[in-house]
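S.K.: quick one: sequence plus predicted model below, questions after.
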Amino acid sequence: MSILEVENLSVSFKQYTSGLRQKNHQVISNLSITLKAGKILAVVGASGSGKSLLAHAILGILPDNASISGKMKYAGEELTPDRKMALRGKEIALVPQSVNYLDPLMRVGKQVRTAVKSGAAVTAQKMVFKRYRLKPEVENMYPFQLSGGMARRTLLSTAIVSGAKVIIADEPTPGLDPTVMKEALNNFRELADAGCAVMLITHDIESALTIADEIAVFYAGTTVEIAPVNNFSGKGEDLRHPYSKALWRALPQNDFIPIPGSQPHSSALPPGCLFAPRCPLATPECQSNQPEIRELRGGRVRCIHAT
């Protein structure tokens, strides 16, 4: 069952150039994803592909100079700005990329307890700290007293105790040792198995494959493919989009073949298919219009050449 649906989302930012001329930079275009109860969707792609911006758009925490179009629904109803504010931190929880989201003036134990919506908050906080190997004395510390790994575990703890139906984890594992990282990923799997919808934003495809149900591949601010995890195997023969295949084969554990060229900046996006300038399959038709995303072989793809 779908809990959160994003359809044809576009995000642009107003900027002023020399002479106080206003210019819009479109950083996300026609992006679509669906989060389902009991499932984990991993979102992968290069830096600047729109992964974190999608999370911020869902939560309604984009800066004031952002403009949004497209449709977002939560539990079948439109996700308006007021509804985003009402649901944020309650039914939709964020595990942010930056540890700066912690309140520098509040002890971390109290911060985690404020996220508990039912039951004994102190008990829940102590249990989750024990799970993440945070010693009892940590609850009385301030964020500046924590190491990077401890701060990330505190952020994870906040999401775990929130009881949210949707968990958005934005690069939640950097700075964690392998044991804690594996446990954190398994906790997301447990949350999904208990009925949550989880969106895991990550650069680490290999880790995502251990817990995710589907992988959404982003490129230059749009979704180019959404595929079941078992498609990411071998030489990527089961993948649909040329970029997904190239990204898979570029991994060190695969062929380690670099992708020629670079992802375009939002201020210099090419016409038509955004991957066309780097794509070996590109034809003149690819340069006229951005392809629509379509169903194909149990997944979704934005490419007219995909078969």
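M.R.: The structure has been received and is ready for your questions. Residues are numbered from 1 along each chain as shown.

S.K.: CA only for contacts and neighbour counts going forward, please
M.R.: Fine.

S.K.: neighbours of F232, how many?
M.R.: Other residues within reach of F232, judged by other CA atoms under 10 Å, total 21.

S.K.: measure it to P172 for me?
M.R.: F232 sits 22 Å away from P172, going by CA to CA, to the nearest Å.

S.K.: ok, now K130?
M.R.: 18 Å.

S.K.: the more surrounded of the two?
M.R.: Taking K130 and P172 together and counting by other CA under 10 Å, P172 has the greater number of neighbours (24 against 12).

S.K.: that one reaches L94, doesn't it?
M.R.: No. Using CA atoms under 8 Å, P172 is not in contact with L94, being 9.9 Å away.

S.K.: need the overlap of contacts for those two.
M.R.: Taking CA atoms under 8 Å, 6 or more residues apart in numbering as the criterion, P172 and L94 do not both touch any residue.

S.K.: just the strands in the stretch 151-300 of the chain please.
M.R.: Taking DSSP state E, counting those that start in this stretch as the test, the strands found in the stretch 151-300 of the chain are 166-170, 197-201, 214-219, 222-228, 294-296, 299-301.

S.K.: for the second one, buried residues please.
M.R.: Going back to what we said before, that points to strand 197-201. Of the residues in strand 197-201, A197, V198, M199, L200, I201 count as buried by neighbour count, 16 or more other CA atoms under 10 Å.

S.K.: closest to E7 among those?
M.R.: Among those, M199 lies closest to E7 (CA to CA), at 15.6 Å.

S.K.: quickly note the distance from the closest one to L296.
M.R.: Distance, M199 to L296, by CA to CA: 22 Å.

S.K.: likewise K117?
M.R.: In this view, K117 and L296 are 41 Å apart by CA to CA.

S.K.: tell me who's in contact with E91.
M.R.: With contacts defined as CA under 8 Å, 6+ apart, E91 is in contact with G163, A164, K165, V166.

S.K.: likewise A164?
M.R.: Shown in contact with A164 (CA under 8 Å, 6+ apart): G89, K90, E91, I92, A93, C196.

S.K.: so which of the residues you listed are in strands?
M.R.: Secondary structure assignment by DSSP state E places I92, A93 of the contacts of A164 in strands.

S.K.: next, give me the two most distant ones among the contacts of A164.
M.R.: Spatially, the most separated pair among the contacts of A164 is G89 and C196, at 14.2 Å (CA to CA).

S.K.: which one of those two has more residues nearby?
M.R.: Under the criterion of other CA under 10 Å, the comparison of G89 against C196 puts C196 first, with 25 against 21.

S.K.: helices of the chain, start to end?
M.R.: Counting by DSSP state H, the chain has helices at residues 51-59, 81-87, 108-113, 121-131, 148-161, 178-193, 205-211, 242-249.

S.K.: tabulate the ones you listed in a markdown table, adding columns for distance to I33 and mean pLDDT.
M.R.: Putting the helices of the chain into a markdown table (distance: least, CA to CA, whole Å; pLDDT from 0 to 100) gives the following:
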| stretch | distance to I33 | mean pLDDT |
| --- | --- | --- |
| helix 51-59 | 10 | 96 |
| helix 81-87 | 17 | 96 |
| helix 108-113 | 29 | 96 |
| helix 121-131 | 30 | 94 |
| helix 148-161 | 21 | 88 |
| helix 178-193 | 17 | 87 |
| helix 205-211 | 17 | 93 |
| helix 242-249 | 16 | 96 |
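
S.K.: okay, these in CSV with distance to Y74 next?
M.R.: Compiled in CSV, the helices of the chain are given as follows (distance: least, CA to CA, whole Å):
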stretch, distance to Y74
helix 51-59, 10
helix 81-87, 9
helix 108-113, 25
helix 121-131, 27
helix 148-161, 18
helix 178-193, 17
helix 205-211, 24
helix 242-249, 28
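
S.K.: of those, which approaches F218 most closely?
M.R.: Taking CA to CA as the criterion, F218 comes closest to helix 51-59 out of the helices of the chain, the separation being 7.2 Å.

S.K.: what's that closest one packed up against?
M.R.: Applying 3 or more CA pairs under 8 Å, 6 or more residues apart in numbering; DSSP states H and E, we find helix 51-59 packed against helix 81-87, strand 166-170.

S.K.: strand partners of the shortest one, parallel vs antiparallel please.
M.R.: Sheet pairing of strand 166-170 (DSSP bridges) gives strand 92-95 (parallel), strand 197-201 (parallel).

S.K.: contacting residues around R153?
M.R.: Neighbour list for R153: Y132, L134 [criterion: CA under 8 Å, 6+ apart].

S.K.: could you number the chain from 3 rather than 1 from now on?
M.R.: Understood, numbering begins at 3; the last thing we discussed is R155.

S.K.: and the residue nearest in space to the middle of the chain, how far from P282?
M.R.: Within the chain, the residue whose C-alpha comes closest to the C-alpha centroid is I203; the distance, by CA atoms, centre = their mean, is 3.1 Å. When CA to CA is applied, the distance between I203 and P282 equals 28 Å.
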